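1. Have a look; sequence and predicted model below, questions after that.
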Amino acid sequence: MAKSYNICLDVGGTKVLGVIFDENREIIYRLKKRSKGKGDSSQNVEEVIVSVVEEMIAESGIDKKDIHAIASCAPGVIDQGKGIVLFTPNLPWRNYDIKGSMEKRFGIPFYIGNDVNLGVLGEHRFGVAQGYQNVVGFFVGTGMGGGLILNGSLYTGNRFKAAEYGHMILDPEGPLCNCGQRGCLEAFSSKQGMSAYIRQQVSRGRESLMAERVTDGVFRSKYLKKAMAAGDPVTMEAVDRACHYLAVATGNMINTFSPDLVVYGGGVIEAVGDVFLEKILKEVDRYCMPSIRSTVEIKNAALGDDSVIYGCLAMIEDAK
C-alpha cells in the first residue's frame with residue numbers, strides 16, 4: 001500500500017500543534033502541546049515536537065510506514081532548502097539542522113519553512129486568498145510574521161529570508177524587540193508587544209484584568225478576548241496601539257506591493273480578529289495612497305488556527 005498520510009506541525013513560541021492528513025487532505029487526528037519556548041534549550045523544544053509526532057502516530061493507529069512526509073513551520077529565518085533554522089527570536093534555535101535531526105529520528109522525509117510564509121501559502125492554496133495573484137499576509141501571534149504571494153507564487157527572496165516585515169522598524173526609539181532592534185512592528189502589535197505594554201502600565205500602579213496573565217510572559221489569546229469584552233482600559237489601550245501600528249505597516253506594504261489582498265491571521269486574529277480588522281480599517285487609509293488602496297481588499301484568514309498547517313501540506317505537495 002502506498003504511503004498516504006502526512007503529518008503537519010505548527011511550532012510557535014508557546015505551543016506545538018500537530019495534525020495528520022489523509023490522502024483526501026482531511027484532518028483525521030489533532031494534538032496540541034504547550035512548549036516552554038524561548039527559555040528552553042533547542043533539544044528540549046525538539047523533544048516536544050518529537051513527542052507530538054510519536055503520540056499522534058501511536059494514538060491514531062497509523063502504521064509509520066504509511067506516512068509520506070512530515071512538515072513543520074517555525075518562526076524566524078529558515079533555509080527551507082536545507083531544513084536549517086538560521087535564527088528565530090522566540091525559540092532557542094540558531095543554525096539548527098532540524099531536518100537532519102528529525103529524519104534521523106523518524107526515517108521519514110522532513111520539511112520546514114517559515115511559519116507565516118506557510119500560513120499565507122495555506123490561505124492562498126486552501127483559504128481566503130484562493131485566486132488572488134498578489135497577497136500580503138500579517139500573522140499576529142506570540143511574535144509578528146509576514147508572508148508574500150507575488151504573481152501567484154510564494155515569494156521567499158534570497159536564501160528564503162524574505163518577508164520578515166514583522167521587524168520593519170516603525171519607531172527607531174521605540175520598545176526593544178527580541179530581534180535586537182527597537183520599534184519593530186512585532187514590539188508593538190504582537191502578543192509580546194501588547195503584554196509588555198500591559199506590564200509597563202501595571203508597574204505604574206494601574207489596575208488591569210490582564211495583570212496576572214502577563215506576569216511571566218505573554219497572555220493567552222482567550223484571556224485577551226475576555227478582557228476586551230469587559231472593556232478593561234489598559235487592555236484596550238494595548239489593542240488600540242497594536243492596531244495603530246498594524247495600520248501603519250499595512251499602509252507601507254500596500255504602497256510597496258499594490259497587492260490584490262491583505263490578509264491577517266494568527267492566534268490573536270483567530271480570537272479577536274473582527275475587532276482588530278475594524279480598528280485597522282478605520283486607520284489604514286491615512287497611511288497609503290488612495291489610488292493604490294482603492295484596488296486592495298483587506299480580510300481576515302479563513303482557516304483560523306490551521307492556516308500554517310495547510311501551508312505545511314502545500315509545502316509537502318510542492319516537494320513531490
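-> Now that the structure is in, tell me what you want to look at. Numbering: from 1, shown residues only.
2. and Arg48, what helix or strand is that in?
-> Quick fix: residue 48 is Val, not Arg. helix 42-60 (DSSP states H and E).
3. for the helix or strand just after that helix, packing partners?
-> Next helix or strand after helix 42-60 toward the C-terminus (DSSP H and E): strand 67-74. Packing contacts for strand 67-74, counted by 3 or more Cβ pairs under 8 Å, 6 or more residues apart in numbering; DSSP states H and E, involve strand 5-11, helix 42-60, helix 98-106, strand 110-114, helix 115-126, helix 307-319. C-beta coordinates here come from the backbone N, C-alpha and C atoms, glycine included.
4. what is the mean pLDDT for the helix or strand following strand 67-74?
-> Reading on from strand 67-74 to the C-terminus, the next helix or strand found by DSSP H and E is strand 77-79. Average pLDDT, strand 77-79: 92.
5. can you give me the helices for the stretch 101-250 of the chain?
-> Using DSSP state H, counting those that start in this stretch, the helices of the stretch 101-250 of the chain run over 115-126, 185-189, 191-203, 221-229, 233-257.
6. Just put those helices in a markdown table and tack on mean neighbour count.
-> A markdown table is the format used below for the helices of the stretch 101-250 of the chain (neighbours: other Cβ atoms under 10 Å):
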| stretch | mean neighbour count |
| --- | --- |
| helix 115-126 | 29 |
| helix 185-189 | 29 |
| helix 191-203 | 21 |
| helix 221-229 | 18 |
| helix 233-257 | 20 |
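7. Could you dump those into JSON lines and include distance to Val11 and mean pLDDT?
-> JSON lines is the format used below for the helices of the stretch 101-250 of the chain (distance: least, Cβ to Cβ, whole Å; pLDDT from 0 to 100):
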{"stretch": "helix 115-126", "distance to Val11": "7", "mean pLDDT": "96"}
{"stretch": "helix 185-189", "distance to Val11": "17", "mean pLDDT": "97"}
{"stretch": "helix 191-203", "distance to Val11": "16", "mean pLDDT": "97"}
{"stretch": "helix 221-229", "distance to Val11": "17", "mean pLDDT": "96"}
{"stretch": "helix 233-257", "distance to Val11": "23", "mean pLDDT": "98"}
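8. Kindly reformat these as a markdown table and extend each row with distance to Asn44.
-> Shown next, in a markdown table, are those (distance: least, Cβ to Cβ, whole Å):
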| stretch | distance to Asn44 |
| --- | --- |
| helix 115-126 | 19 |
| helix 185-189 | 24 |
| helix 191-203 | 21 |
| helix 221-229 | 24 |
| helix 233-257 | 30 |
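9. re earlier: can you say which of the helices and strands packed on strand 67-74 is nearest to Ala249?
-> Closest approach to Ala249 among the helices and strands packed on strand 67-74 is made by helix 115-126 (13.3 Å; Cβ to Cβ).
10. Alpha carbons only: can I get that closest one in PDB?
-> Output of helix 115-126 as PDB, limited to C-alpha atoms (Å, rounded to 0.1, in the frame of the first residue of the first chain):
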ATOM      1  CA  ASP A 115       5.600  29.900   9.800                       C
ATOM      2  CA  VAL A 116       3.900  32.900   8.200                       C
ATOM      3  CA  ASN A 117       5.200  32.200   4.700                       C
ATOM      4  CA  LEU A 118       3.400  28.800   5.100                       C
ATOM      5  CA  GLY A 119       0.400  30.500   6.700                       C
ATOM      6  CA  VAL A 120       0.000  32.700   3.700                       C
ATOM      7  CA  LEU A 121       0.600  29.800   1.400                       C
ATOM      8  CA  GLY A 122      -2.100  27.800   3.200                       C
ATOM      9  CA  GLU A 123      -4.600  30.600   2.800                       C
ATOM     10  CA  HIS A 124      -3.600  31.000  -0.900                       C
ATOM     11  CA  ARG A 125      -3.900  27.300  -1.700                       C
ATOM     12  CA  PHE A 126      -6.900  26.400   0.500                       C
END
